[in-house]
Structures are given as C-alpha cells and as structure tokens.
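Novice: Sequence plus the predicted model coming up.
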Amino acid sequence: MPTTPRAPAPGDPLIRLADVSRVFPARSRQGSPVTALDHVDLDVRAGEVLGVVGYSGAGKSTLLRLVNALDRPTAGTVTVAGREVSSLSERALREVRRDIGMIFQQFNLFASRTVWGNIAYPLTVAGVPKDQHRERISELLHFVGLADKAHTHIEQLSGGQKQRVGIARALATDPRILLADEPTSALDPQTTGEVLALLRRVNEELGITIVLITHEMEVVRTLADRVAVMEAGRVVELGDTYDVFAAPQHPATQRFVSTLVEKGPPPRALQRLRERHDGRMVTLSFRDGDATPADVFGAFIERGVTFELVHGGVEDVGGRTFGHLTFSLTGDDAAVADATAYVATLVELTTPASPREAS
Amino acid sequence: MDRLVELDSFFWDATRETLGIVAATLLIGGLGGLLLGVLLHTTRPGGIAPNRVVHVVLNVLVNFFRPIPFVIFIAAAQPAARLVVGTGIGNPAIIFALSVAATFGISRIVEQNLVSVDPGVLEASRAMGAGRLRTTLTVLLPEALGPLVLGYTFALVAIVDMSAVAGVVGGGGLGAFALTYGYRQYEPVVTWAAVLVIIALVQVAQFAGNRLARAAMRR
C-alpha cells in the first residue's frame, strides 16, 4: 500500500531537494567518479515556473530526473508534495509519476503510434477506462491546438507540433507538476515562441508548476518566475527572474545574462566608441524602483554636462524594466565629476572597460 | 526430367515437409529468440532492467552455441532431442535442433534491432508510470517492429538453409530430397528442381517480409 501523503501545509514547497548529491561511479577502473550534483538545496513553490540554467554538464538534467525519480540521489532527499520520492520503490513511484508530466528536448514520442495513441498511452497506464479517453484526448488536442492532427503519424509532424503532442501527452493524467527538459532546444526561434506561449498557458490556466531546464536565457526570460543557475553540480544563484537579469551576482549568472543583455559595450565596440567620442564614458544601470533616465538627464543638464547615448537599451522582464545605458559625457571636468558623483547615488554607475584595461 | 515426373508425389511431400519444419522452427525458435533477445537487451547496462549477472550469463550462453556448425549441432543435440521430443531422428529431432539453434541466432537479431530504439522513448514511458513489462511489450517491441520483421525474414531464410541438412538424422524436406534422389542418383535435374523451389520459397518470404516491414514502419 502506498503511504498516505502528508497534506502539504500552505506555503510549503511542492518540490524540495534537501542536501542532494548524485555521484556517478567511474566509467572505467582508471576513471574517477563524476559528481553531477553536489549538496544541492532547492525548493520549488507550488504554481511557479522555475527555470534552471547551466551549461552542459552542470547537473541540471540530473536534477530534473531526481524529481520524478528516474534517477536517485546518492545522498540527501527529494520530496514531492510531501512524499519522499527518493526512497520509494519503483512500484510506488508509478503512482507518483502520474502526478508529474515530463517533456523532452527530442520529444520522445512513440513513432509506432499516432498522435491519438501517444496521448492515450499515459491514460491506459493510469488505468483510465477506455470510454473516457475520447473526451480527455479531444480536450487536450484542442488545448495544444492540434485538434485536426489526431490520427496523424508522428513522423508527419513538424518539430513544434511534436512538442505540442509531447505537452498534451504529459498533461493527459492531469499532473500537478510538469518537468521540461530543454523543451525548445531542438526548435527554431519562431516555433520556440509558440511552445513557450503554450507552456505559459499550462502554468497560468491550468495552474501547473513547471520546472524547466534550459541553456537559453531567452526561454528563462519569457517563462520563468524564478531562476536557479547551476555550475559544476551546485546551484550558484537563485532568485526572481527580474533580479537575476537586472543584477546578476555570480560570474556564471553574469555570463548567462550577458548572452541576452550586455551591461556595457563589448571591448571591440568600446574601442570604436572611444575613437569617435572623446567624452568620459560611463554605464548607468537602471532598475525598476531606482531613479529613471529622466532624473539622470535632469542632473546632467543642471550641471551643464552634455551627454550622448552611445550604447545600451531597456529590457523588459516579466513586465518590469531595467536597462544598461552607456553615455559619453562632455563638459567642464569639475562639472562632469560632480554630475557622475551625484548620479552614482541614484543608480549603479560603472566605467566600461575592456578586459585588458580592467586587469 | 522423366525421373522428376516419376518422383512427383515425393517432391511435393518434400516441399510440404520443408514448409512444416520451417514453420515450426520459426514459431518455436522465433518465440525463444524474442524472449532471449529481449532479456539480452533489457538486462544490459543502461537497459530498462539492468542486471550484470543475467546479462553476462546469457551472453556467454549465446556465444557458446552460435559458432557450432549446424550439421554438427544436430548430431551433438541428439541426446537432448531424445529427452525432449522422445526421438533422436526424423523431423521432430530436426525441428528440435533447428529451434534451439534459431533461438540463439534470432536472439542476437532481436537484440540488435532493439538497440536502435531511442532510450529516451523508454524513459518517457517510465516517466509516465509504466512498469518494465508494460514498457517492453507496448513501447520497446512496437517501436522496433519494422526492423524486427526484416530481422525475422532474414532468420526465416537462414532456417530454410539450415533445414536442408535434415537428412543427416533422417529428417525430410527438399534438402534431403535433393540429396537422396538428385545427388546420389546422378539426376541433376532433380537437384535443380529442389533448388528452384527453395529459391521460390525464399523469394516469397522476402517479398512478404518487406511488405510487412514497410507497413509496420508506415513508409
């Protein structure tokens, strides 16, 4: 008999990884064991979309597979909705897994079945009577926008359509959690947008908690409420998506964020800018709640400093904005010094430097 | 040619016997090979039910039997045949020996075709809460069905080939017929007639196999 799950108290995390490590044994006698996860603590809140980013080998796939116990930790515990899945038997897990849908980078659809057959599979596994399949499958197909493809074979679908079938299949048993393993990495940008929009609806309309792993920051920005950044088996940064984008703390996070948002001009552009502009170069970082560009412009004008915007832009993350703007400031030296000193009290001010100059 | 006409009834009996031997072997050896091949695949490291000991034992067993030339295997398997089918000679003994040999041969064909199934698809099935047996029967085998049909067609042709030596333990069929009435009695036309029928059987089998495989792969 499965143990009765403890009713989760409100505010309890839906998924909790507590001091979790996963060490893979050495592949050969000469090799050394590989630590994929190294003492990871991570909570996933009910109803949120948590993005997990990291380079290949950072441990994010391993982390995801611990949640539905496709893999087990070598130390620590994984708890899902109050049940410790890391110690359940394979048989007991079958029931838990019906509450956790999963989608994959390569879709992993059954080529031997039609779209209908793929979505029916988890229903059959879960023991849903056959006469209820029709209604449920039709509902799911409409939700993912493939109502006309019910009897199509998988190989006749485009990549985006395949992932939508994957999503429908993952949702068939009405799970509370959806695990998404690089769901858009095999798709083109246009299709990526469609799939992300669908996942957004899965979260907002169906209230399903999503744990999404990816190496694409655009995916995180579009979908995630919070971000966990992984490096070498550890979670090195965790925070609201906006904060992580607007003020990344860890070097790994900064590298990821810089793929989408440059803080200042890159070294080569900076060199060209210096040739064209002889003023003092400063980068101002604006965040929601800080002073606005208008405040800063006012301060410059008051002090008789001429400013020219040479690089940067304003970004939107989850409806909140931030931006890194690089200005060339010209005017009386004392006035420029006074203006920058004052502006630095309003917003973060940095002097753009090429790595060589900085070192 | 006249001799062939005289042998007419023997000739058709021999054809029927070959068909019977091959069909029985394909059924028994085919099922045995499927079971053994699935076990080889699922118990391999990284398979859906990894088990080092079982995998190594099965591997050694298959490698032990497969290199034995069939004509020698028939003789070596006679005591076992007496034990299982009650006789060491005739068609029951040859079906027994063929089925054992086919089990080991087909197991490798099955294993190879199952390897081509994307492990991600099996993982997806597991993630949906399916057990190992269900995953094997409703995902692993259907996903490999097209190649499996082609593999079994190949095995069928090999069984027709092996069945030709049935005569050494008093079994019948076209091989025995060709040797007895053609080769030993200096009647090349009789031998060729048997060869032609065997070729026709193989052609029909291959054609049917290709059609079935294409239907399974829907291409």
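Specialist: That came through, no problem.
Novice: And the helices in chain A?
Specialist: Secondary structure of chain A (DSSP state H): helices located at A:60-67, A:90-97, A:115-125, A:133-144, A:159-171, A:189-206, A:217-223, A:241-246, A:251-258, A:267-276, A:293-302, A:333-346, A:355-358.
Novice: for the ones you listed, which one sits closest to B:Val195?
Specialist: Taking C-beta to C-beta, helix A:115-125 is the member of these nearest to B:Val195, at 45.3 Å. From N, CA and C alone the C-beta is placed, and that goes for glycine too.
Novice: Could you list every helix and strand in contact with the closest one?
Specialist: helix A:133-144, helix A:159-171 (3 or more C-beta pairs under 8 Å, 6 or more residues apart in numbering or on different chains; DSSP states H and E).
Novice: and it, average pLDDT?
Specialist: Over the span of helix A:115-125, the pLDDT mean works out to 97.
Novice: what do you get for stretch A:282-297?
Specialist: Here the average pLDDT along stretch A:282-297 is 87.
Novice: Any buried residues in stretch A:57-70, and which?
Specialist: A:58-70 (16 or more other C-beta atoms under 10 Å in any protein chain shown).
Novice: restrict these to those near chain B?
Specialist: For chain B, the contacts drawn from the buried residues of stretch A:57-70 by C-beta under 8 Å from any C-beta of the partner chain are A:Asn68, A:Leu70.
Novice: Which of the helices of chain A sits closest to B:Ala23?
Specialist: Closest among the helices of chain A, using C-beta to C-beta: helix A:115-125, at 31.7 Å.
Novice: still on that earlier bit, pick out the most distant pair among the buried residues of stretch A:57-70.
Specialist: The widest separation within the buried residues of stretch A:57-70 (C-beta to C-beta) is 20.7 Å, between A:Ala58 and A:Ala69.
Novice: Tabulate the helices and strands packed on helix A:115-125 in a markdown table, adding columns for mean pLDDT.
Specialist: Below are those laid out as a markdown table (pLDDT from 0 to 100):
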| stretch | mean pLDDT |
| --- | --- |
| helix A:133-144 | 96 |
| helix A:159-171 | 97 |
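Novice: Other residues contacting stretch A:261-275?
Specialist: A:245, A:254, A:281, A:283, A:285, A:310-312, A:315, A:324, A:326, A:328, A:350, A:352-356 (C-beta atoms under 8 Å, 6 or more residues apart in numbering or on different chains).
Novice: Ok, stretch B:60-77 next?
Specialist: So stretch B:60-77 is contacted by B:36, B:40, B:93-94, B:96-97, B:100-101, B:104-105, B:107-108, B:162, B:165, B:168-169 (C-beta under 8 Å, 6+ apart).
Novice: nearest to A:Thr191, of those residues?
Specialist: B:Leu40 (39.1 Å).
Novice: can you list the weak-confidence ranges in chain B?
Specialist: Within chain B, the segments meeting pLDDT under 70 span B:1, B:219.
Novice: can you map out the helices along it?
Specialist: According to DSSP H, the helices that chain B contains are B:2-6, B:8-43, B:52-65, B:70-76, B:78-85, B:90-115, B:119-127, B:132-135, B:141-143, B:145-163, B:174-177, B:188-217.
Novice: Output the contacting helices and strands for the last one.
Specialist: To tie it back to what came earlier, the one meant is helix B:188-217. helix B:2-6, helix B:8-43, helix B:145-163, helix B:174-177.
Novice: Single out the most deeply packed of those helices.
Specialist: Ranked by mean neighbour count, the helices and strands packed on helix B:188-217 are led by helix B:174-177 with a mean of 26 (mean count of other C-beta atoms under 10 Å in any protein chain shown).
Novice: Distance from it to the middle of the chain?
Specialist: 19 Å (C-alpha atoms, centre = their mean, to the nearest Å).
Novice: who touches it?
Specialist: Everything outside helix B:174-177 that qualifies as a contact, by C-beta under 8 Å, 6+ apart, is B:10-11, B:14-15, B:17-18, B:163-167, B:190, B:194, B:197-198.
Novice: Can you show me the CA trace of that helix as PDB?
Specialist: Output in PDB follows, covering the C-alpha atoms of helix B:174-177 (Å, rounded to 0.1, in the frame of the first residue of the first chain):
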ATOM      1  CA  LEU B 174      13.700 -30.500 -50.000                       C
ATOM      2  CA  GLY B 175      17.300 -30.800 -48.900                       C
ATOM      3  CA  ALA B 176      17.000 -34.500 -48.100                       C
ATOM      4  CA  PHE B 177      15.000 -35.000 -51.300                       C
END
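Novice: Help me confirm that B:Ala166 comes into contact with B:Asn91.
Specialist: Yes. Taking contacts as C-beta atoms under 8 Å, B:Ala166 lies within contact range of B:Asn91: 7.2 Å.
Novice: Find the residues that touch each one of these two.
Specialist: The contact lists of B:Ala166 and B:Asn91 share B:Ile21, B:Gly172, B:Gly173, where a contact means C-beta under 8 Å, 6+ apart.
Novice: Turn those into CSV, including distance to chain A.
Specialist: Shown next, in CSV, are the shared contacts of B:Ala166 and B:Asn91 (distance: C-beta to the nearest C-beta, whole Å):
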residue, distance to chain A
B:Ile21, 32
B:Gly172, 40
B:Gly173, 36
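Novice: Run through the residues of chain B sitting next to chain A.
Specialist: Within reach of chain A by C-beta under 8 Å from any C-beta, chain B has these residues: B:118, B:120-121, B:123-131, B:134, B:138-139, B:142-143, B:145, B:216, B:218.
Novice: on that earlier part again, of the contacts of helix B:174-177, just say which sits nearest to chain A.
Specialist: Ranked by distance to chain A (C-beta to the nearest C-beta), these are led by B:Ser163 at 32.4 Å.
Novice: Contact partners for the nearest residue to that closest one once chain neighbours are set aside?
Specialist: In space, and not counting its chain neighbours, B:Ser163 is closest to B:Ile21: 5.0 Å by C-beta to C-beta, 6 or more residues apart in numbering or on different chains. With contact taken as C-beta under 8 Å, 6+ apart, B:Ile21 is in contact with B:Asn91, B:Ile94, B:Ile95, B:Leu98, B:Ser163, B:Ala166, B:Gly171, B:Gly172, B:Gly173.
Novice: Out of those residues, which two sit at the greatest distance?
Specialist: Maximum pairwise distance in the contacts of B:Ile21, criterion C-beta to C-beta, is 13.0 Å, between B:Leu98 and B:Gly172.
Novice: Please list all residues in contact with B:Gly173.
Specialist: Counting by C-beta under 8 Å, 6+ apart, B:Gly173 touches B:Ala14, B:Glu17, B:Thr18, B:Ile21, B:Asn91, B:Ser163, B:Ala164, B:Ala166, B:Gly167.
Novice: Wait, A:Ser328 touches A:Arg280, no?
Specialist: Yes. Contact status for A:Ser328 versus A:Arg280: in contact at 7.2 Å, counting by C-beta under 8 Å.
Novice: and B:Gly90, what does it touch?
Specialist: Counting by C-beta under 8 Å, 6+ apart, B:Gly90 has contacts B:Val169, B:Gly170, B:Gly171, B:Gly172.
Novice: So what would you say the end-to-end distance of stretch A:217-232 is?
Specialist: End-to-end span of stretch A:217-232 (C-alpha to C-alpha, to the nearest Å): 18 Å.
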